[in-house]
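In: Got a sequence here, can you build the structure:
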Amino acid sequence: MSALYDLVAQHNVNKGEKGDLRARAVSRGTIGKDKLYEWVAASSGFHRGQVEAVMGILTEEVIGYLQEGYDVQLDDLGFLSLSAVSRPVKSKKELRSESVRFKGVNFRLSAHARKKLKYIPFERVESSAPVSQTDGGIEQRAEALKHYLSTHPCITRTDYARVAHLLKGQALADLKQFVADGWLVRYGAGRTVVYLMKR
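Out: Numbering: from 1, shown residues only. A predicted model of the protein is given here:
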């Protein structure tokens, strides 16, 4: 399967206008941890519970080492490292350790993973402007979503809005209705919410 891309106009900050078109990767969706655990279990011979337990332990150990200031290598995938932030100062004496705060975690892809990903085949997808929620009806949109989920493990609200050609609010309303109807399941919270077909 190929990865997806679309062409978007780059904004020219100096002139206040759109510039040349550039390629931008488009996500097919988010693979949730439950689906990942199932796939690892199916391909490794371990039980799903064992996979989940190992991943839970690994997660806590990685966080612990990051808290202690270590970089962490994740097998042949890459390296995690801390980033910090503070207010700007003129000299080192102006800043105390208590003023330095956690900013985030950097990820650096390993040479092995970079080599394997270097020649990804890409397939262009066409952007579609959102249309009125009355187009097609919710039943037709439900069938389109079921068809999408027959070939994808899950979908995000953003991806559903693109697939169904809806505005954000109507896409979310649809997904809530499908969950209430009992055939769609919501996993996660905040920015990591995904929707899966109920088994």
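
In: and the lengthiest helix in the chain, how far out from the chain's middle?
Out: If you go by DSSP state H, the chain has its longest helix at helix 48-67. Relative to its chain's centre, helix 48-67 lies at 20 Å (Cα atoms, centre = their mean, to the nearest Å).

In: Show me what that helix is packed up against.
Out: helix 33-44, strand 72-74, strand 78-85 (3 or more Cβ pairs under 8 Å, 6 or more residues apart in numbering; DSSP states H and E). Where you see a C-beta, it was placed from the backbone N, CA and C, and this is true even at glycine.

In: In it, which residues are buried?
Out: The neighbour-count check on helix 48-67 (16 or more other Cβ atoms under 10 Å) flags 51-52, 62, 66 as buried.

In: quick check, nearest of the residues you listed to Pro121?
Out: Val51 (29.4 Å; Cβ to Cβ).

In: Next one: the closest one from Leu36, what distance?
Out: 8 Å (Cβ to Cβ, to the nearest Å).

In: Please tell me the pLDDT value assigned to the residue positioned nearest the centre of the chain.
Out: Residue closest to the average C-alpha location in the chain (Cα atoms, centre = their mean): Thr30, at 5.0 Å. As predicted, Thr30 sits at a pLDDT of 78.

In: give the contact list for the spatially closest residue to it that is not a sequence neighbour.
Out: Distances taken as Cβ to Cβ, 6 or more residues apart in numbering place Val194 nearest to Thr30, at 4.8 Å, with adjacent residues excluded. Counting by Cβ atoms under 8 Å, 6 or more residues apart in numbering, Val194 touches 29-30, 32, 154-156, 186-188.
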